[in-house]
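Participant: this one's structure only:
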């Protein structure tokens, strides 16, 4: 414990190599303790990578890879082994659902059996695996043999042991390239930190302190309050035993000036281990904050933690690009400067440049119009949605591949416009609602989308559809007086007075003083149908 003029500081550690800091232990403890709650409660941001737009882009690229490898089948006879897709740090599972939905649609359109693919959700937290296995949106994919789950620790795992099929993928076990998906992963795992200037490379050490008793705080609180102080020390030996890692670092030593360099050694080692699982290499698909240009790495200050329950740092995608290209692979990154999300495809296979369908898919779905472009448009749309017409909103939702998050943001505006819909708009909005719901992956978050949709349908006069969604709300969130009252109103407007009375009697039996139930029962008794839904 140290005291300054105004603050008492509690020292957690002093002068530790950055990748070995207590920070990463706190990070791991946070995710172990919170599990899916970290995403359900919105503590860890994930929408920007877990949406239908990013999933569609990836599915198109993976399907392109499948087509390329199929074209090579005459020269490289394959068995019936599916193309394996391994998602690292899959968290909520929401991305996988959107990906599998799009991939299976592509299979139907092309006449390719969906069993040609096997998606493996991985995470180091066992509770997340159970959540995925129990989620009803995943059941069709599990039953169809498309989806499996596995524990995988990026820091040390050397194989993928799948829980549902019982198969374990070990070194050289795959005949097709392995697809690896890593969204918002490399920014949350340990990275090394160096200071590089005109041929000199120093190791950065970190000291940690908090301004209150650490014994009173859990991991999340410590991460929110911890302060970092950085020192430097000369390297008395090569930083890495692996020559390939040392060579990448040496390239920075000879080209960067006056900069702090985050170096993803753990992530690169993980890719090296994953690459050995297949005889044909791998395709890495990754989206995160960070840059792939060497010029963007110079003149950097010591990193600040981006805090959101856990914490994250920028990703040095240039190092990943160098790793790919040094091995003869093809690293594909956007030519346009991204604003929020850097989306990449690193194809680490023999004759990578000859994989034309993979390259074309990346061109169409990242280079020409990327998920980052869509996110930029989304931020603008969210500011102007209160001025949009129904036609504007429907066009935007089609562009988003019927994104449930964006639909929920448009609900207040749609409810305002619902009373003035013409027949074509009514039909189009009803169809959109069904498409949105089919692509909704609930986490049990506070947003009750089913109830929101029901209220919109009520405003549209679609009482039977509203009842269907109110029933879904009860199934997912349980009964409450507001939902029961709205169900009673729908029955009333459908002329189903007995059903309405039964619901209101249930409400009054549980809460005799409920003013809303009493008011509605009077309306039912009088035959009036003027009251609106809440």
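Facilitator: Received it, and whenever you're ready, just let me know what you need. Predicted, not measured: the structure shown is a model, and the values here were computed from it.
Participant: going by C-alpha atoms from here, please, whenever you check contacts or count neighbours.
Facilitator: Fine.
Participant: backbone phi and psi for residue 260, please?
Facilitator: Main-chain dihedrals, residue 260, degrees, to the nearest 10: phi -90, psi 130.
Participant: tell me the contacts of it?
Facilitator: Residues in contact with residue 260 (CA atoms under 8 Å, 6 or more residues apart in numbering) are 193-196, 298-303.
Participant: which other residues reach the helix or strand harbouring residue 28?
Facilitator: Element membership of residue 28 [criterion: DSSP states H and E] is helix 22-34. The contact list for helix 22-34 (CA under 8 Å, 6+ apart) reads 12-13, 38, 125, 188-190, 219-220, 222-223, 309-311.
Participant: before we move on, back to that, let's see the PyMOL selection covering just the buried ones among the contacts of residue 260.
Facilitator: Buried subset of those, written as a PyMOL selection, criterion 16 or more other CA atoms under 10 Å:
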select buried, resi 193+194+195+196+298+302
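Participant: list the contacts of the strand or helix carrying residue 379.
Facilitator: Using DSSP H and E, residue 379 sits in helix 371-384. When contacts are defined by CA under 8 Å, 6+ apart, helix 371-384 is touched by residues 48, 53-54, 57, 338-343, 365, 400, 409.
Participant: mind redoing it with 6 Å?
Facilitator: Contacts of helix 371-384 with the rest of the structure, by CA atoms under 6 Å, 6 or more residues apart in numbering, involve 54, 341.
Participant: tell me which residues of that helix are tucked away?
Facilitator: By neighbour count on 16+ other CA under 10 Å, the buried set for helix 371-384 is 371-375, 378, 381.
Participant: cool, stretch 111-124 as well?
Facilitator: For stretch 111-124, a neighbour-count test (16+ other CA under 10 Å) marks 114-115, 117-124 as buried.
Participant: repeat for stretch 50-68
Facilitator: For stretch 50-68, a neighbour-count test (16+ other CA under 10 Å) marks 50-68 as buried.
Participant: so of the residues you listed, which ones are in strands?
Facilitator: Applying DSSP state E to the buried residues of stretch 50-68, no entry is found in strands.
Participant: and the residue lying closest to residue 169 once chain neighbours are set aside, what pLDDT?
Facilitator: Once flanking residues are discounted, residue 169 sits nearest to residue 160: 5.1 Å by CA to CA, 6 or more residues apart in numbering. Turning to residue 160, the model gives it a pLDDT of 98.
Participant: neighbours around residue 160, how many?
Facilitator: Neighbours of residue 160 under the rule other CA atoms under 10 Å: 21.
Participant: in this structure, where is pLDDT below threshold?
Facilitator: Applying pLDDT under 70 to the chain flags residues 1-5, 74-79, 527-534.
Participant: a strand runs through residue 285, doesn't it?
Facilitator: Yes - the assignment for residue 285 by DSSP: H, G, I helix; E, B strand; the rest coil puts it in a strand.
Participant: mind checking how far it is from residue 88?
Facilitator: In this view, residue 285 and residue 88 are 11 Å apart by CA to CA, to the nearest Å.
Participant: picking that back up, next secondary structure after the helix holding residue 28?
Facilitator: Following helix 22-34 in sequence order, the next helix or strand is helix 37-40 (DSSP H and E).
Participant: touching that following helix from outside, list them.
Facilitator: By CA under 6 Å, 6+ apart, the residues outside helix 37-40 that reach it are 44, 443, 445.
Participant: residue 259: neighbour count?
Facilitator: Residues lying near residue 259 (other CA under 10 Å) number 18.
Participant: so it sits right up against residue 300, yeah?
Facilitator: Yes - under the criterion of CA atoms under 6 Å, residue 259 makes contact with residue 300 at 4.6 Å.
Participant: got the contacts of residue 260 as JSON lines, with secondary structure and distance to residue 350 columns?
Facilitator: Listed next are these as JSON lines, based on DSSP: H, G, I helix; E, B strand; the rest coil; distance: CA to CA, whole Å:
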{"residue": "193", "secondary structure": "strand", "distance to residue 350": "32"}
{"residue": "194", "secondary structure": "strand", "distance to residue 350": "33"}
{"residue": "195", "secondary structure": "strand", "distance to residue 350": "35"}
{"residue": "196", "secondary structure": "strand", "distance to residue 350": "34"}
{"residue": "298", "secondary structure": "coil", "distance to residue 350": "32"}
{"residue": "299", "secondary structure": "coil", "distance to residue 350": "36"}
{"residue": "300", "secondary structure": "coil", "distance to residue 350": "35"}
{"residue": "301", "secondary structure": "coil", "distance to residue 350": "38"}
{"residue": "302", "secondary structure": "coil", "distance to residue 350": "38"}
{"residue": "303", "secondary structure": "coil", "distance to residue 350": "37"}
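Participant: of all the contacts of residue 260, which comes closest to residue 349?
Facilitator: The nearest member of the contacts of residue 260 to residue 349, counting by CA to CA, is residue 193 at 29.7 Å.
Participant: which residue, neighbours along the chain excluded, lies closest to the closest one?
Facilitator: Nearest residue to residue 193, sequence neighbours excluded (CA to CA, 6+ apart): residue 262, at 4.7 Å.
Participant: strand partners (parallel or antiparallel) of whatever helix or strand that neighbour lives in?
Facilitator: For residue 262, the host element (DSSP H and E) is strand 259-263. Strand pairing for strand 259-263, using DSSP bridges, gives strand 192-197 (antiparallel).
Participant: from the rest of the structure, what touches the strand it pairs with?
Facilitator: 18-19, 201-204, 253, 257-263.
Participant: burial of the closest residue in space to residue 46 that isn't next to it in sequence, as a residue count?
Facilitator: Excluding the flanking residues, the one nearest residue 46 by CA to CA, 6+ apart is residue 39, at 7.2 Å. Applying other CA under 10 Å, we find 20 residues neighbouring residue 39.
Participant: and the closest residue to residue 200 other than its chain neighbours, what does it touch?
Facilitator: Counting by CA to CA, 6+ apart, residue 253 is the residue found nearest to residue 200 once chain neighbours are left out, at 6.2 Å. With contact set as CA under 6 Å, 6+ apart, residue 253 has these partners: 196, 199, 201.
Participant: helix or strand for residue 139, which one?
Facilitator: Per DSSP H and E: residue 139 is located in helix 139-143.
Participant: can you name the next helix or strand after that helix?
Facilitator: Downstream of helix 139-143, the next assigned helix or strand under DSSP H and E is strand 147-151.
Participant: what's in contact with that next one?
Facilitator: 118-124, 141, 161-164.
Participant: switch to 7 Å and redo it
Facilitator: With contact meaning CA atoms under 7 Å, 6 or more residues apart in numbering, strand 147-151 is reached by 118-124, 126, 129, 141-142, 160-164.
Participant: of all the contacts of residue 253, which comes closest to residue 490?
Facilitator: Using CA to CA, residue 196 comes nearest to residue 490 of those, at 68.0 Å.
Participant: now the closest one: how far from residue 249?
Facilitator: Distance of residue 196 to residue 249, computed by CA to CA: 10 Å.
Participant: and residue 136, how many neighbours does it have?
Facilitator: Residues near residue 136, counting by other CA under 10 Å, number 13.
Participant: count the neighbours of residue 304 for me.
Facilitator: Residue 304 has 12 nearby residues by other CA under 10 Å.
Participant: show the contacting residues for residue 213.
Facilitator: Residue 213 touches residue 10, counting by CA under 7 Å, 6+ apart.
Participant: equivalent analysis for residue 331, please.
Facilitator: Listed by CA under 7 Å, 6+ apart, the contact set of residue 331 reads 321, 324-325, 345-347.
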